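>>> Curious how this folds, go ahead:
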Amino acid sequence: MEDPTRAFSLSGRRAVVVGAATGIGRQAAITFARAGASLVIADINVEELALTADQVRACGGEVEVRTVDVRAREEIDGLAAFAAARGRIDVWPFKHDNQQFACKVCMNS
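Reported below is the predicted structural model:
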């Protein structure tokens, strides 16, 4: 299978990935890092999130880590404020109903 990061570049972009400790969230973070994005990753699982951060750094990615419980709206709001304070947010993928995966890409100039 061809490397999907060859199809697009996120160089100079910032991505926020919630649920980045395992599974599709972890893979999204790694893929975005390989495509050149700087990352803010978040999850409630601190140990696995640290492993994701290590994997992002191992492929040359820039990453900041936040512990977040998505069941608490104020924690998501805090994450958004944290990420926005570092500059624009270009990509914020999310899972919905544990079945669908969507990705919001904001083309800020």
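>>> Going by C-alpha atoms from here, please, whenever you check contacts or count neighbours.
OK.
>>> Next one, pLDDT for the residue nearest the centre of the chain please.
For the chain, residue 17 is the residue whose C-alpha lies nearest the centre (Cα atoms, centre = their mean; 2.3 Å). At residue 17, the model reports a pLDDT of 95.
>>> got it, and the one 5 residues further on?
Predicted confidence (pLDDT) for residue 22: 94.
>>> Any stretches of the protein with poor pLDDT?
Under the criterion pLDDT under 70, the flagged ranges of the chain are 1-6, 94-109.
>>> Could I get the full set of strands for it?
Using DSSP state E, the strands of the chain run over residues 14-18, 38-43, 62-67, 91-96, 100-105.
>>> Packing partners of the first one?
This points to strand 14-18. Applying 3 or more Cα pairs under 8 Å, 6 or more residues apart in numbering; DSSP states H and E, one finds that strand 14-18 contacts helix 23-34, strand 38-43, strand 91-96.
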